[in-house]
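K.L.:
Test case, fold it:
(chains A and B)
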Amino acid sequence: MDSQLALLQDEVREAIARIAHAESLELFRVTYLGKKGKLTLQMQRLKDLAPEERRAFGADVNRLKNEVQQAFDAKTAEISRPNASRDSVDHTLPGLRPPVGRLHPITQTIREISAIFGRLGFESVTGPEIETEFHNFTALNIPPDHASRDDVDTFYTESGHLLRTQTSTVQVRVMKSRKPPLRVIAPGRVYRPDTVDASHSFMFHQIEGLMVDGETTFAELKGTLYLFLKEFFGPKTKVRFRPHFFPFTEPSVEVDISWGSRGWLEILGAGSVNPRVFDAAGYDSKRVQGFAFGLGVERIAMLRHGIDDIRHFYENDLRFLEQF
Amino acid sequence: MKISVSWLKDFITIKPPLEGTAERLTLAGLEVKTVKPSQDHKDTVFEIEITSNRPDWLSHLGVAREIAAVENQGVKMPELDTADPRQAPAGWKIHLRELKACPYYSGVLIEGIEMNPTPDFMRERLEACGFRSINLIVDITNYVLIEMGQPLHAFDADLLKGKEIHIRFARPKESLLAIDGRALELDSRDIVIADHHSAVALAGVMGGKETEVGMRTRNIFLESALFDPRCVRQSSRRHALQSESSYRFERRVDPEGADKARQRALYLIRKYAKPRSVFSVIKAGDVPRTSGARLAVSAPEIRRVLGAEIKPHTVHSILTRLGLEPKALSAESWEIRVPSWRADLLDSVDLIEEIARIYGYDQIPEILPVRAPVPYEPNPILKTEDCLRTFLCGAGLFETITFSLIKNTGLNERDLKNTVRITNPMHQDLRWMRPTLLTSFLNVVKKNLDAGSRRIPIFETAQVYSASASDKAVQEHRVAGLALAGQFRRKSWMDEERNVTFFDLKGIVESLCDHLGVRDIQFRPSDHPMMECGSAMTLTAGERSLGVLGRISSETAALWDIDIPVFAAELSLVALAESVIPVRKYQPLPRFPATERDLAVVVPERIHAGEIRDEVMKLAGGLAKRVDVFDVFRGGRIPQGSKNIALRVLYQSMEKTLLSEDVQKLHAEIAEQVSRKFSATFQS
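P.N.:
Numbering: from 1, shown residues only, chains lettered A, B, ... in the order given. Sure thing, here's the model as predicted:
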């Protein structure tokens, strides 16, 4: 027998005698019998040997391999005997986890919200982030001299476009390209030149929702949002509807939910579509009605997960991302 | 805005608890943020937040009017001095030609005032609302401002040069020393009040220091005017000068309030400053007639919009309480008259909102819409994106969300030329709309390395943007990016750790395509400005280019101070979505056993493993189900400039069991042919 093989034979016999627990059994298997195990690797030496030595060496390796396999099987049977002690496997050793990543908490939140509205028949759609003043303001009944059009509130590009400040732009685009009835939600990035702090960012995410049909009432808007909020935040969630103003909805509402010691917190804005928006989009405002809502994804994710600083979302520290 | 409760009580009755009133106001749309005692604890202060359509709430009278509507009571109006003295101020004249910027200007000359101390109630109320007491006259103008919402200004009449007041656009290079001490450089877009000599006030924004009313002032000229909201807003923005006055003019004041506010101020001046003489009002322009517009609304309309049944007498009562003077057109329809302070009421839906908010949004039922399903128009990009995200998470990558606005670090001239640029960036360096996700990934890698992370597998799906300089068109394109740095696998009690290699990235991309149903992909060597020469590849499916992958060049990584290899890919989601096979077709499962045979060949370095694999496949004529490269070895007995490539071939027929000798014969033949073709040495 080849001397290297003989050394291995001694080593392996000793190793198998020492095995007392299932985990050392596995370790033994990997070390000697596995794909990259020491015995398996011996076979690779074959090609380095002179052809006349190969046959004898191959036979030796196979014999040793068989012997070890038999001893290993016997040991396995011994250790897994029904009367083996419960402690024969160290149950505190960590499982070998496959490396798995995570979806960003913003994506998770968007998916969850989209799923609820999806069940209500709202289809997910998208629209461009670089927009025209028409889609972002004019068509949404925002007057030409409105302060939100100023460059302290809106990013403008050298090409004469702007970065959408709200996903409501998608309302206009969908109405321009499809006929009613409509039920859509549009998640996406929006941009506003806000000074960055714990609760503001110049880029964030919104989800816009729009339903248009022959007769679509404010009561139905309330019903839809109630269902969504109770499903998302839990059946005991307290909700209140507070009149508000948005140029593109009339009547308009801000929806608050009660959040423990923090009291009422604004969670979304909504309203019945202003007939002027239908006119701008080319729908007959005498024949259709609708409602729209818009919610800030970061705000909702922060509330739900107890995240104290919006900047965490964009810093992408893996210690943050792996928590969700 | 701060609202004094004691002041509100001049106009309406407020019953305790105050929190109840505050909540009813909030639920009617006038949000009361806090209810707190004033600093001297003599009063209670409501901190209110108004919506942009209701500037009429920016006064105590406006808030009182709202409480009256909500709680169904009347409003007692403040006392005015409506006497019109006969005596005209000799020589005083107003020159107004800019009727768009200033539709109406009125003033009154008041002589021989006594600059008495401001009465306590007035000082206390002003202080409760956050105003500092200055002197009697200034205090009275401020008092009327927050009582009625109309900004006033008093000039020291003796400090005005001449007796003619001009409302005009500023002259080039004209300047004004404002009351707050700032020297303003005016231009022809600023509307000013000027005396014979120069500008004495920036209209609607702030008065001038030189004509300011002081303790020694005896004669005043009291201004009450209407200025164009846009004009005031632009001047205020341009000079970064915001005042209580500009705040209200920007949002629009009640046009009929201009005369009333002047009369209110006169009442207070007569009472507390005991003037010797008050002259007749001089004015120019006209108060725009906004009130009196009529709107109609009917019960069926209300029902159709709200989905709630509100009784006609309730509707009538609400409209009355809002001061809209409803006239019943029938049992179920009304016509109303829009008051001068409600320029926001334009359409019948605006009235319906008024009715709903006073009726109470909480009184409107919640109804789930019952509709037929609307057919979906499936969006293939969204579907692919969702599938890709799920897969990459499962493959161990963390999803990131990075900013679309980036610095130009790492981008070359050509990339930058076609980049969409922001004209008003937040930070000078974040002004490019990113043309690639790669630089954002380097930020994330650097950040995590600094935080001590040793394993950084990340991905993101987002838009990239480009512009063409010629036609000002912009484009957005949805992409998916992946980046791997550091360890591929952590050390465990079972396995050793291992760092990522290019082939980990390539493997993920291959599996991803497989998972999505993108077939027949090919990798080809390529050049990429940010990637190491020789390690950049393009990925294609048929003729369609799907994207790039490779190792970020060390020069690029050095810009981020990263000294470990970073492997990254950027794939077009649009192209991926277009390449996805619509439906996977079933392949019958083999009924006959498979046989494995290994093949090792020594070939020159220039021969690619893929060529050998393809050749084996071809030679096996459909009997090779799989050919896997399982080892690449250099050194040892292998000659310099060559490598040993080991392949495992799985032979299987769909028609019969392959006999051992047949397989052996075929395998030997393939080995022989491969060896000849690639000048390879047959190994085993």
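
K.L.:
Report the contact partners of the residue most central in space within chain B.
P.N.:
Nearest residue to the geometric centre of chain B (CA atoms, centre = their mean): residue B:426, 12.7 Å. Contact analysis of residue B:426 by CB atoms under 8 Å, 6 or more residues apart in numbering or on different chains lists A:193, A:194, A:195, A:196, A:202, B:405. To be clear about C-beta, it is placed using only N, CA and C from the backbone, and glycine gets the same treatment.

K.L.:
out of these, who has the most neighbours?
P.N.:
residue B:405 (23 neighbours; other CB atoms under 10 Å in any protein chain shown).

K.L.:
first to last residue in stretch A:317-324, what's the distance?
P.N.:
Start-to-end span of stretch A:317-324 (CA to CA, to the nearest Å) is 12 Å.

K.L.:
centre of the chain versus it, how much separation?
P.N.:
Counting by CA atoms, centre = their mean, to the nearest Å, stretch A:317-324 is centred 12 Å from the centre of its parent chain.

K.L.:
Then stretch A:10-28?
P.N.:
That offset, for stretch A:10-28, works out to 44 Å (CA atoms, centre = their mean).

K.L.:
Can you give me the neighbour number for the residue of the stretch 451-600 of chain B found nearest chain A?
P.N.:
Taking CB to the nearest CB, chain A has its nearest neighbour within the stretch 451-600 of chain B at residue B:472, 4.5 Å off. Neighbourhood size, residue B:472 [other CB under 10 Å]: 12.

K.L.:
Describe which strands the longest strand belonging to chain B pairs with in its sheet and in which direction.
P.N.:
Taking DSSP state E as the criterion, chain B has its longest strand at strand B:474-489. For strand B:474-489, the paired strands and their directions (DSSP bridges) are strand B:455-467 (antiparallel), strand B:498-499 (antiparallel), strand B:566-572 (antiparallel).

K.L.:
Can you say which of those is nearest to residue B:263?
P.N.:
strand B:455-467 (58.0 Å; CB to CB).

K.L.:
pLDDT on that closest one, on average?
P.N.:
The average pLDDT within strand B:455-467 is 96.

K.L.:
Pull the contacting residues for the residue minimising distance to the centre of chain A.
P.N.:
Against the mean C-alpha coordinate of chain A, by CA atoms, centre = their mean, the closest residue is residue A:103 at 2.8 Å. Contact analysis of residue A:103 by CB under 8 Å, 6+ apart lists A:111, A:324, B:389, B:390, B:393, B:399.

K.L.:
what about it, distance to residue B:460?
P.N.:
11 Å (CB to CB, to the nearest Å).

K.L.:
List the residues that are in contact with both of these two.
P.N.:
Counting by CB under 8 Å, 6+ apart, the common neighbours of residue A:103 and residue B:460 are residue B:399.

K.L.:
which parts of the stretch 151-300 of chain B sit against chain A?
P.N.:
B:229, B:230, B:233, B:237, B:250 (CB under 8 Å from any CB of the partner chain).

K.L.:
Which members of those occur in strands, if any?
P.N.:
Per DSSP E, these never map to strands.

K.L.:
How much space separates the residue of chain A most remote from its centre from residue A:58?
P.N.:
Note on chain A: the largest C-alpha distance from the chain mean falls to residue A:52, namely 61.3 Å (CA atoms, centre = their mean). Here residue A:52 is placed at a distance of 12 Å from residue A:58 (CB to CB).

K.L.:
what's the answer for residue B:614, then?
P.N.:
32 Å.

K.L.:
Those two - which one has more neighbours?
P.N.:
residue A:58 (15 against 12).

K.L.:
Which of the helices or strands spans the nearest residue to residue B:143 once chain neighbours are set aside?
P.N.:
Spatially, and ignoring its direct neighbours in sequence, residue B:143 is nearest to residue B:122 (5.6 Å; CB to CB, 6 or more residues apart in numbering or on different chains). Element membership for residue B:122 (DSSP states H and E) is helix B:120-128.

K.L.:
average model confidence for that helix?
P.N.:
Helix B:120-128 comes out at a mean pLDDT of 96.

K.L.:
Now do the buried residues in it.
P.N.:
B:122, B:123, B:124, B:125, B:126, B:127, B:128 (16 or more other CB atoms under 10 Å in any protein chain shown).

K.L.:
And stretch B:372-387, by the same measure?
P.N.:
B:374, B:381, B:382, B:384, B:385, B:386, B:387.

K.L.:
Isn't residue B:262 up against residue B:152?
P.N.:
Yes - contact criterion CB atoms under 8 Å: residue B:262 and residue B:152 qualify, at 6.9 Å.

K.L.:
shared neighbours of those two, which are they?
P.N.:
B:222, B:224.

K.L.:
now the helices for chain A?
P.N.:
Along chain A, the stretches classed as helices by DSSP state H are A:3-18, A:22-28, A:38-42, A:51-79, A:105-119, A:133-136, A:169-177, A:218-233, A:275-281, A:297-305, A:312-315, A:318-321.

K.L.:
re the thing from before, determine which two of the contacts of residue B:426 are furthest apart.
P.N.:
Farthest pair in the contacts of residue B:426, by CB to CB: A:195 and B:405, 14.5 Å.

K.L.:
before we move on, back to that, for my notes, please list the contacts of residue B:426 in a markdown table and give pLDDT and distance to residue B:169 for each entry.
P.N.:
Formatted as a markdown table, the contacts of residue B:426 follow (pLDDT from 0 to 100; distance: CB to CB, whole Å):
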| residue | pLDDT | distance to residue B:169 |
| --- | --- | --- |
| A:193 | 92 | 30 |
| A:194 | 87 | 33 |
| A:195 | 88 | 33 |
| A:196 | 91 | 38 |
| A:202 | 95 | 35 |
| B:405 | 95 | 38 |
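
K.L.:
so which of those residues would you say is closest to residue B:48?
P.N.:
residue A:194 (22.9 Å).
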